[in-house]
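Participant: predicted structure and sequence below. I'll ask about it afterward.
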Amino acid sequence: MVFKNLPIKFDVYGRAHLRDEEASDPFDYTPDPRIQRALNRERTLEKLSSNPNVRPFEIGPVTRTGGRFALRTVIDFDQRRALDAHVECGQFAGQSGACEMTLNGHEPSDAIHISSRVCGSSSGAHAIASAMALEMAAGVTPPPLAVLARNLGSCGEVISECVNHLFLLAGPDYSEGAVSRTNLSFWGKAQKTPAAGVNAHGLETVADIMRGMNPISGHLYLEALQMARLGREMATLMFGKHPHPATIVPGGIGIEANREVFNQVLGRVNALLDYSKKLAVIWDDLVDFFYDAEPRYRRVGELPGNLISVGLWDDPEGYDASYANCNEWGMRRMSAPGVIINGEIRTDRLSDINIGIEEFVDHSYYGQWEGGQVPADPLSGPVSPWHPWNKETAPFPTPRDWKERYSWNTAPRWDREAMETGPLARLWINAAGGAQNCEFIKSSRRSSQRGLEIFLPKGQRPATTLQWSIPERPNALERNRARAYQVAYAVMVAYADLLKAFDCIRQGEVTMSVRFLHPDRKISVGFWESGRGMTTHHLAIKNRVIGNYQVITPSEWMGSPRDAIGLPGIYEAAMMNTPLLEECARAEDFIGVDLLRVARSFDP
Amino acid sequence: MQSEVSSLEAVYLIWLSGAGCDGCTMAMLGSSEPGIEDLILGNVPDVPRVILVHPDLATESGDAFLANLEQAADGRLSPFVLVLEGAIADESRAGQGSFSRLGTSADGRPVTVADWVNRLAPQAEAVIAIGSCASWGGIPAADGNPTGAKGLEDYLGRDFRSRGGFSSSGLPVVNVPGCAPTGEGFIETLIYVFLHLAQLVPLDLDEERRPRWLYNHETYPLPPRVEYPPAVGFDLSNRPTVKCPVPVTGWLRNFGGCARVGGSCIGCTERDFADSYLALARPDPAF
C-alpha cells in the first residue's frame, strides 16, 4: 500500500484515483484518529508538569544549524528525558516563503536565480530543481554532457555540505572539548580505547580522534575545512560560482565543454577519494565507541524510520524532464528515490512522492489559503488542497505561542506523516531498494543485514571497499555516520560521471544546452537533493509568467512545527523521549548537549 | 573568555545573521588563501588574531552564545569588528510577531537582529556588511517581499560612523556586496580593515563605501552563453554597468566566475539586482 492516510488508491495500471470519487471533501483530515491521540498526549503532559522536577528547558539560538532555530523542551529531570519538544525557525526572509513571494509574476527562468537564494548551503540543489521544473514545463531535455555537469557540481556540493557538517557543525559536540565537559567518564575511557581503524586514519586511540575534532586547533577540523573547499571548488568549476550558481539554465548548463575544466574536477575527486576512505572509518570508530561506552546512545534522537528521498544524480541517457516518464527516469538516478515508513517500502515512484506531499501552516506564522486550482497531477493523480501546487504563501507573524503558532517553517508531510530526509534516508533507501545505477556502488547482504558496498579504487591509498549496514533504527549517531559514507558515495558517483563526461567529449557530444520556449500555462515540479536532503520546486506558469512557485526545503521537512493533526516535526519527535545522558553534577550545569546532538544530526 | 585584549594582538569578530541565506558564510569558508582559520590562529603577519563569534560556528548555544553579544554591547568585549550578513527586516511590519529573532527578552518578547545591530554598531571599531543583502537589502528587499528589509547603511543612516580608524571621525559601514561576494574578497577586506585599525594603511573606499581596489572593474549584466543566440536587443552600450571583482579574479583561486566561464551575470553586486538587473541576464526563450 502506498498511502494509508491519504484518500488515494491505485488501479491495476498503477494510476492513482480517489478512494471515494463521490466524496464531497475527500482530503478532509478531521476524522483522523491521531488528532485525539495528540490531544490526549497534551493532557498527559500537563498532568506530568505538576512534578517540580518536570521543567521547561529552552535553547535559543541553536548555533551550528542553518535554520535560526530555537527549541523549547519539557524535561523530566528525575528520569533524565525530554518529554516534549517544540522547534521554532525564527527567520522569515531567506527561508523559502520570501523567495516564493518575490517570484510571483517573474519570467519563469528567473526562478533559478531567485530560488537558489533560499539556502546558501544547498544553492546548487535549488538551482537544479528549479531548472528541472522549468524543463518539465517547457518540454525540453538537456543534452547528456549538461546532465553530467550538473551531477558533478551537485556531487561537489553534497561533499562540501557533508564534510562541513561532520566537523564544523555536528562534529564539535563529539570533540575532546565537548566530551570532556559533558561526558567526562567517556574521556578517560577514550584515552584507553584503541581506534580500530588506525591503519586507515593513523590515530591510535579514540581520544586522538576527539582531540583532532577540537574546533580550530584539531587537525581533523582543519583538514575538513580544506576538504570541504575541494567540494566547493568542484561545484564552482561546474556552476561558475558557489554558493548560487551562475551557469544553470533551463535546457542545460552555460559552461564550455572543455577537457581542462573536467580535468580540474578530476583532480579534486582524486584527492577526495583518498580522504573519503579514512573519513568513514573515523566516524565508525567514534560511533562504535559511543555505543560501547553507553548503549543508550542508540536511543538518542531515535525515530521509527520515516524516510523519504526523491533521489539525485540523473542518468544522462534516461532523464527526459517529463512528468509522464518521471518514474522511469527517477529510478535510474544514481541515488534512487523512495519512501520507507516504519521499515516498509511504500513507493519508489516520483509521481507518488509528489502527489503524497502536503504543506500545513496551522502552527506556522502563515495564513491558511482556501481550496486550490489544481485537482490532479498531469497523470490524473489526485492532489490535496494542501499540496504545494495549491498553496498560497501569506505571512502572518504573531507572537510565539508554543501551543498555537511558533515557527517560520511550514509543516510538510507525506501521506500525513513527518518524514526524515538526508544522507541516512538516501543510503537506506538505496540499500533496501537494491542500488544498481552506479557501477561502484552495490547493495549487499551480510548475515541478514542489508547494506551498501562502496568500491573505492586505488589513489595514494590502496583500493578499499567500504561496507555500510542499515542500522536498527535512525538515531543521531547513525545520521552522522551515514554522512561520512555519503561522501564516499558522492565521490564515486562523481568518478563514474567523469568517465562518462570524458566519453562524451571524445565522441564530440559537446552540446551543453537546448532551446526552450515557456508555455502559456502549465504545472510542473523539479526534484533534487542537497547534502542535507530533498527539495521539490512546484511551479505554475500562467500567461507565460510565474503564477505560483513553491519550494519545500529539507529544513522544512525536518525542522517543521506540529501539523494540522498535531503530529510533531521530525526534530521535535526525535527529541521527545531522547534519554539525556549528559553528565553534570548540578542541574544548573546542564546544557542539553544531547538535545543539541539530536538537532544537529539533521543539519537543516 | 578574555575581555581585555590589546588592539594589535587580538580582535573579536562578531558575526550577525539577518535576513539572508547564510551563503556569505559559505563563501567566506571557501576562501583558502588565506582561510578564516589562518586569521583565527593568528597566522597572517601584521594581522591581529581573530576571536570569532559566529552563529554557524560557535561552540556555545543559547544564552551562553548570546552572552558574547551582551558583553560586546556593554563594552566588555573589545575591541570588536561587527559583520552583518543578511538584511535588516522592518520589524514594525511584523505586528506582534517578528521576522528575525535572535534571542528572547526577560519578558518573553523577541529580541531581533535589528535590536542587536542597534546595540552593537555604536560599540564596534568597524562595521562590515558582507553580501548584497547586508549592503543594499538584496533579495529580501526585492519586490514582493513583505519585510521592508534594508541594508545596513540605510538602516543606520549614511552618516553612521563606527569608532575605529585614523581620524576621530570614525569609519562608515564598509560594503562588500555580491550574492555572495567572493570569499577571498571578503577575507582580503577584513585583513585590510584590521590593518587600518592598527594604523598601518589608509582605508580606501569608493563612493558606495566598497573597497576601491576590489570593485573598480566594470562589467555588464549578461545572459548565459548557451546554444541559442543572446537576448533580442542585446547591446552592451545600453546596459547599466556592474562593479565586480569576479571577471578579473574568478570565483575562487582564479577559476570559475559567472560570465567569465559562460554563465550569466545577473548584476548581483549592485543595488536592487533582482528587480533591475536580472531581466537583462535572461536566456532568450522567445527565440
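Facilitator: Okay, I see it.
Participant: ends of stretch A:398-407, how far apart?
Facilitator: Terminal residues of stretch A:398-407 lie 10 Å apart, using C-alpha to C-alpha, to the nearest Å.
Participant: now do that stretch: everything it contacts.
Facilitator: A:72, A:86-90, A:363-365, A:396, A:559-561, B:95-97, B:101, B:110 (C-beta atoms under 8 Å, 6 or more residues apart in numbering or on different chains). For the C-beta atoms, the positions are set from N, CA and C on the backbone; glycine is no exception.
Participant: mind checking which of those residues are in strands?
Facilitator: Here DSSP state E is the test, and the contacts of stretch A:398-407 give A:R72, A:H86, A:V87, A:E88, A:C89, B:R101, B:P110 as lying in strands.
Participant: now flag whichever of these is closest to B:L171.
Facilitator: The shortest gap between B:L171 and any of the ones in strands among the contacts of stretch A:398-407 belongs to B:R101, at 29.0 Å (C-beta to C-beta).
Participant: quick one: contacts for the closest residue to that closest one other than its chain neighbours?
Facilitator: The shortest distance from B:R101 to any non-neighbouring residue, by C-beta to C-beta, 6 or more residues apart in numbering or on different chains, is to A:G90 (3.3 Å). Contacts of A:G90 were listed using C-beta under 8 Å, 6+ apart, and they are A:G60, A:P61, A:R68, A:F69, A:A70, A:S407, A:W408, B:S98, B:S100, B:R101, B:L102, B:P110.
Participant: what's the mean pLDDT across the helix or strand harbouring the fifth one?
Facilitator: Secondary structure here is read from DSSP states H and E; on that basis A:A70 sits in strand A:69-76. For strand A:69-76, mean pLDDT is 95.
Participant: that strand and chain B in contact?
Facilitator: Yes. Contact of strand A:69-76 with chain B (C-beta under 8 Å from any C-beta of the partner chain) involves A:A70.
Participant: contacts for that strand next, please.
Facilitator: For strand A:69-76, using C-beta under 8 Å, 6+ apart, the contacting residues are A:45, A:48-49, A:51, A:53-62, A:81-90, A:402, A:559, A:571, A:575, A:580, A:592, A:595, A:599, A:604, B:101, B:104.
Participant: cool, and stretch A:354-362?
Facilitator: Counting by C-beta under 8 Å, 6+ apart, A:2-3, A:6, A:8, A:16, A:326, A:339, A:347, A:367-368, A:377, A:381-384, A:386-388, A:391, A:410-416, A:525, A:527, A:536, A:550, A:552, A:556, A:562-564 sit against stretch A:354-362.
Participant: could you pick out the buried ones from the residues you listed?
Facilitator: For the contacts of stretch A:354-362, a neighbour count by 16 or more other C-beta atoms under 10 Å in any protein chain shown gives the buried set as A:2-3, A:6, A:8, A:16, A:326, A:339, A:347, A:377, A:381-384, A:386-388, A:391, A:410-416, A:525, A:527, A:536, A:550, A:552, A:556, A:562-564.
Participant: which of those fall within strands?
Facilitator: A:8, A:16, A:339, A:347, A:411-414, A:525, A:527, A:536, A:550, A:552.
Participant: which parts of the stretch 351-500 of chain A sit against chain B?
Facilitator: Near chain B, when you scan the stretch 351-500 of chain A using C-beta under 8 Å from any C-beta, you find A:Y365, A:P395, A:P397, A:T398, A:P399, A:R400.
Participant: mind checking which of the contacts of strand A:69-76 land in strands?
Facilitator: In this view, those that belong to strands under DSSP E are A:54-62, A:81-89, B:101, B:104.
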